[in-house]
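1. Provided below are the primary sequence and the corresponding predicted coordinates.
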Amino acid sequence: MSKIYEEKNDENEIIIRTATVDDAKALLDIYRPYVEKTAITFEYDVPTVEEFRSRIEKTLKKYPYLVAEVNGEVAGYVYAGAFKGRAAYDWAVETSVYVKENMRKMGLGKLLYAQIEKILKKQNIVNLYACIAYAEVEDEYLTNASVRFHKHMGYEWIGEFHKCGYKFNRWYDMVWLEKMLGEHIDNQPAVIKFADLEI
């Protein structure tokens, strides 16, 4: 278990570290309400712990998957994944972040994104993408807080797909936001797998 970041103050000790497959249940517990009660994810069914373990394991082969702990409690996570499967897209990733319901507004999402961006930069990744559910009119299942958060983190709105996600008997849009992490050059250095990276 490698620590990426640690911060202590009078109230909290925050540690950000690399996820392991043993985190699957704790991370699934964070993700579950997003599936069951929101349109933030377009998944209908809560994955099993085994499926979540598999997702973590698969991600870590090439990309970072980080966990935030607050006073020893798993409170949020962030990961990157392939933007598209073709080789020419290697330098682009899609990012996702989730924070425990009762631990929002603590700045954990910002901390998690800051740490994963440092790692992605070391991997020679240059393009970050966020695929976000979007409500034309905010409702009890979906606000546009994620779009606002990503814009605050330096992402720019680049595209919108209209009424392409159907959940809770309602149609939602999906939007793409983009952030550039580095320069685009002719002889772009190869992407270094997270598993091969020294951090």
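-> Good, I have the coordinates. All values derive from a computational prediction rather than experimental measurement.

2. can we go C-alpha only for contacts and neighbour counts from here?
-> Noted.

3. now do the contacts for Ser146.
-> Ser146 is in contact with Ile132, counting by CA atoms under 8 Å, 6 or more residues apart in numbering.

4. what about it, which SS state?
-> At Ser146 the chain is in helix, as set by DSSP: H, G, I helix; E, B strand; the rest coil.

5. any idea how far it lies from His184?
-> 27 Å (CA to CA, to the nearest Å).

6. now swap in Glu11 and tell me
-> Applying CA to CA, the value for Glu11 to His184 is 42 Å.

7. and these two? Which one has more around it.
-> Taking other CA atoms under 10 Å, Glu11 and His184 do not tie; His184 has more neighbours (13 against 8).

8. and the contacts of the helix or strand Tyr129 falls within?
-> In this assignment (DSSP states H and E), Tyr129 forms part of strand 127-134. Strand 127-134 has contacts (CA under 8 Å, 6+ apart) with 39-42, 83, 91-96, 142-144, 146-147, 150, 165, 172-182.

9. with stretch 52-71 instead?
-> Residues contacting stretch 52-71 (CA under 8 Å, 6+ apart): 12-25, 28, 74-81, 108, 112, 116, 119-120, 192-195.

10. buried set for that stretch?
-> Residues of stretch 52-71 classed as buried: 52-53, 56-57, 59-60, 62-70 (neighbour count, 16 or more other CA atoms under 10 Å).

11. endpoints of stretch 122-129, how far apart?
-> Terminal residues of stretch 122-129 are spaced 17 Å apart (CA to CA).

12. that stretch: how far from the chain's middle?
-> 14 Å (CA atoms, centre = their mean, to the nearest Å).

13. what mean pLDDT does it get?
-> Averaged over stretch 122-129, pLDDT sits at 98.

14. just for this structure, where's the confidence low?
-> Applying pLDDT under 70 to the chain picks out residues 1.

15. how many other residues sit next to Glu136?
-> Around Glu136 there are 13 residues (other CA under 10 Å).

16. distance of it from His150?
-> Applying CA to CA, the value for Glu136 to His150 is 17 Å.

17. so which residues of the chain form strands?
-> Using DSSP state E, the strands found in the chain span residues 3-8, 13-18, 65-70, 73-82, 92-99, 127-134, 156-167, 170-180.

18. give the buried residues for stretch 145-162.
-> 146-147, 150, 155-157, 160.

19. who's in contact with the residue positioned nearest the centre of the chain?
-> Using CA atoms, centre = their mean, the residue of the chain that lies closest to the mean C-alpha position is Ser96, 1.8 Å off. By CA under 8 Å, 6+ apart, the residues touching Ser96 are 78-80, 130.
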